[in-house]
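> Prediction below, plus the sequence it came from.
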Amino acid sequence: MLSRRQLLAASPTALPLFLALSACKGPAVLGAPPTVSPQTHMLLHAVTAELNLIWVYDKAIAAYSGLEPRLAPLRAEHQAHLAELRGRVIEPAGKKVPQTVTSKPPIAATQAAAIDQLRAAEQAAVQTLMSRLGGASPSLAQLYASIAASEATHASVLGAKAGA
């Protein structure tokens, strides 16, 4: 019979030998990182979409400084949406939360056209968020729906401002 000390002393050398002889690959933690779930992919895409929308707002404000009083509050709401989305992300192994803009459309040639461009971007964002509801957990679906409602309001506000 082995004493406890003999067993513990033999453990570091015996475990790899045992694993090799038993054709065991070892514990799952030694394997490849887990795959990223579809829900996490959707969340990462939502983060990127908010970054892209904020970029368009920033460029419109930079191009037409007269729009800043109208657009700054809407941009601030998008920054709050981005913070909420990022707060839900648990970074998967090998995958980082997006920090960069992936879509940089040219800004329209006039202030009115820039507002129309933003309104169209808001409407597209609403459609995209609503399409994510089916595959989302209840809490994420609630967040997506809340952000979509906010963005629908932005589109309405921008439409009213374009007509004013």
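Great, that's in hand. Residues are numbered from 1 along each chain as shown.
> Helices of the protein, start to end?
Secondary structure of the chain (DSSP state H): helices at 4-22, 38-63, 68-88, 111-131, 138-163.
> For Trp55, give me its contacts.
Trp55 is in contact with Val101, Ser103, Lys104, counting by C-beta atoms under 8 Å, 6 or more residues apart in numbering. Every C-beta, even on glycine, is put in place using the N, C-alpha and C of the backbone.
> Just name the shakiest helix or strand of this protein by mean pLDDT.
Of all helical and strand segments in the chain, the minimum by mean pLDDT, DSSP states H and E falls on helix 4-22, at a mean of 60.
> Now do the contacts for the closest residue to Tyr57 other than its chain neighbours.
Closest residue in space to Tyr57, ignoring its immediate chain neighbours: Arg75 at 4.0 Å, by C-beta to C-beta, 6 or more residues apart in numbering. Contacts for Arg75 (C-beta under 8 Å, 6+ apart) come out as Ile54, Tyr57, Asp58, Ile61.
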